[in-house]
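Participant: could you look at this predicted model? Sequence included:
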Amino acid sequence: MPDESSALKPAATNPAAAKTAANPAAKPDTPPLGLQLIAAEPPPDDISLADMLRFLFDYKYHIAVVALATTALAVLIALIWPPSYEATARLSRPSAAAVRVLADIRSGSTPQWVFGQFLDKLDSRALRRRYFDEQNLLAALVDADKRDGDKPVNAQEVFERKFNQRLTYERIDPPWQGSAPRRGKLPPPQQVEMHLKGREPAQLAAWLNGFIELANQETLAVIQDDLQTDLTYQIRANQEDITRLRRLSEQGRLDRIARLQEADSIKRDDILQRKAALEGRAQQDWQDEKIRLSEQYAIARDLDIVKPIFIEGRWPEDAPAVRTNLRKLPEYTVGSEALAAQIDALDAREGESEQGAAFVPGLRALQQELVLSEENVTINALQARESDDPHIDGLRAQEAALAQRQALSRRLAEDARLTAVRIDQAAYPPYQRLAPKRRLIVAIGAAVGLFLGVLLAFVLHVVKKARVEDEETLPSAAG
């Protein structure tokens, strides 16, 4: 214990008071201040590095025991901690050849767009839950004792904690050329890495590959169904257009036949009317000619003119040798014989229509027109036509479009190269543990043990120092 007299010191030091004490005869510049003696606090203990090392050495066994115990606990934890693994698969955009049939059907079906649809399926909780249920992952992810316990297993919780949260993927983007887009979502990446964490390496790889395949199939199913719906609508529209064109062409052909038949009917009626008019006129002319000849015959018979009077030997004797007929002679001058013959010829012509037609101008031409109107070669050709397809404008283009869409529909359903993703690296059973990191656990345990050992040493030192001070204080208080 330090000497209390040496620990006493002035509470404050005044320069003027010091000067007066040195020279009592001198007048003080300022009035003297009152002095008060107080007990000084002991100086603080300064701990040096040597003291620290000495302190740690004094408690080395305590520190060592705590550090070793903590390290042993860390080793035990590292050994009994169930190992955890992570299966990884790398996926890329499909090639242009793999989605060519999609691009042929819809111009916007690029590899980038198809890969984006695939990534949407990877994020689908419904698809993940469907795979979880179809593969009966609940039985594989829940321990047997928990399944057999009284408490029912929450399948949704198991799905969320042990499958959905552990199934992740990350983008692998090339360095941006320039700056990233300011607005809108990022375009689909060129590659992604998909991860699944768990305890069984073989199962992890199989589950991850199976889910990727399911996502690929579902993506293609949705795209194919969408495109097939469009193709079916377009094919039906083509077929309806072809049927409509054929129906209109057939109706047009029938309309043309009807127009031609009506025109022929009108033409035949006109020919028949003109023919009837000519025949009626010819009959009337025949009747008039017969009446006229009958009158001339009666006159010739009354005049007793049997032979024609201009026949040689019938002229008067005093008539000149050369005669000029300056006027038309009456018809009865031909004689009754000639007139009777003409009347008989007219009577015979009445029963012979063909013979009578020869004496009617224009009747033969009308008969020929009537025969031709009975047989219209255009109508016969139109009626004999088996197909109107060669005569339909635009039909071949519609048939070509229909054939192309039907071929695309078959290609879409049968193309074996069609895929929504290109697997750069399939998931394999991981050989390296993801957790626990045993070295790190042991190192952390050793560090924590050292820290706790030093902390324990300080606590013990403080307790010991307080006990010593209490023991020294008690005798002083008793004296």
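Facilitator: Happy to help now that I have it. What you see is a predicted model, and the numbers here were worked out from it, not measured in a lab.

Participant: tell me what the residue nearest to Ile172 when sequence neighbours are not counted is bridged to.
Facilitator: Once flanking residues are discounted, Ile172 sits nearest to Gln191: 4.1 Å by C-beta to C-beta, 6 or more residues apart in numbering. (Each C-beta comes from the backbone N, C-alpha and C, glycine too.) On the basis of DSSP bridges, Gln191 is bridged to Ser92, Ile172.

Participant: continuing past the strand or helix carrying Arg410, what's the next helix or strand?
Facilitator: Element membership for Arg410 (DSSP states H and E) is helix 395-414. Next helix or strand after helix 395-414 toward the C-terminus (DSSP H and E): strand 422-425.

Participant: report all helices and strands that that following strand contacts.
Facilitator: strand 85-92 (3 or more C-beta pairs under 8 Å, 6 or more residues apart in numbering; DSSP states H and E).

Participant: the same query, at a cut-off of 10 Å, please.
Facilitator: strand 85-92, strand 191-198, helix 201-302 (3 or more C-beta pairs under 10 Å, 6 or more residues apart in numbering; DSSP states H and E).

Participant: average pLDDT across the helix or strand just after it?
Facilitator: For strand 422-425, the succeeding helix or strand toward the C-terminus, using DSSP H and E, is helix 438-478. When pLDDT is averaged along helix 438-478, the result is 79.

Participant: what helices and strands are in contact with helix 438-478?
Facilitator: Packed against helix 438-478 by the contact rule (3+ C-beta pairs under 10 Å, 6+ apart) you find helix 49-58, helix 60-80.

Participant: any chance of the helices and strands packed on strand 422-425 in TSV with distance to Leu455 and mean neighbour count as columns?
Facilitator: Output for the helices and strands packed on strand 422-425, formatted as TSV (distance: least, C-beta to C-beta, whole Å; neighbours: other C-beta atoms under 10 Å):
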stretch	distance to Leu455	mean neighbour count
strand 85-92	37	21
strand 191-198	36	20
helix 201-302	41	15
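
Participant: could you give the angle of the helix holding Arg410 to helix 201-302?
Facilitator: Angle of helix 395-414 versus helix 201-302, following axes from the mean of the first three to the mean of the last three C-alpha atoms, to 10 degrees, is 160 degrees.

Participant: measure the residue nearest to Ile172 to Ala89 for me?
Facilitator: In this view, Gln191 and Ala89 are 11 Å apart by C-beta to C-beta, to the nearest Å.

Participant: anything in contact with each of these two?
Facilitator: Each of Asp424 lies in contact with both Gln191 and Ala89 under the rule C-beta atoms under 10 Å, 6 or more residues apart in numbering.

Participant: where does the prediction get shaky in the chain?
Facilitator: 1-47, 144-151, 174-185, 310-328, 349-359, 474-479 (pLDDT under 70).

Participant: out of the helices and strands packed on helix 438-478, which gets nearest to Glu170?
Facilitator: helix 60-80 (28.1 Å; C-beta to C-beta).

Participant: that closest one: which residues count as buried?
Facilitator: Residues of helix 60-80 classed as buried by neighbour count (16 or more other C-beta atoms under 10 Å): 62-63, 66-67, 70-71, 74, 78.

Participant: do I have it right that the residue nearest to Ile172 meets Arg90?
Facilitator: Yes: at 6.3 Å, Gln191 and Arg90 qualify as touching, with contact defined as C-beta atoms under 10 Å.

Participant: so Pro82 sits right up against Ala435, yeah?
Facilitator: Yes: counting by C-beta under 10 Å, Ala435 is a contact partner of Pro82 at 8.9 Å.

Participant: the two: which has the busier surroundings?
Facilitator: The residue with more neighbours, out of Pro82 and Ala435, is Ala435; 14 against 8, by other C-beta atoms under 10 Å.

Participant: so how far is Val75 from the closest residue to that one other than its chain neighbours?
Facilitator: The shortest distance from Ala435 to any non-neighbouring residue, by C-beta to C-beta, 6+ apart, is to Ser84 (4.2 Å). In this view, Ser84 and Val75 are 18 Å apart by C-beta to C-beta.

Participant: helices and strands around the helix or strand containing Leu339, which ones?
Facilitator: Secondary structure from DSSP H and E places Leu339 in helix 336-351. Under the contact criterion of 3+ C-beta pairs under 10 Å, 6+ apart, helix 336-351 touches helix 201-302, helix 353-357.

Participant: picking up where we left off before, could you dump the helices and strands packed on helix 438-478 into JSON lines and include distance to Val222?
Facilitator: Formatted as JSON lines, these follow (distance: least, C-beta to C-beta, whole Å):
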{"stretch": "helix 49-58", "distance to Val222": "69"}
{"stretch": "helix 60-80", "distance to Val222": "47"}
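
Participant: ok, which of these comes nearest Tyr169?
Facilitator: Here helix 60-80 is closest among the helices and strands packed on helix 438-478 (C-beta to C-beta), at 29.8 Å.

Participant: and the closest one, how far from the chain's centre?
Facilitator: 62 Å (C-alpha atoms, centre = their mean, to the nearest Å).

Participant: ok and that helix relative to helix 49-58, angle-wise?
Facilitator: 70 degrees.

Participant: thank you, goodbye.
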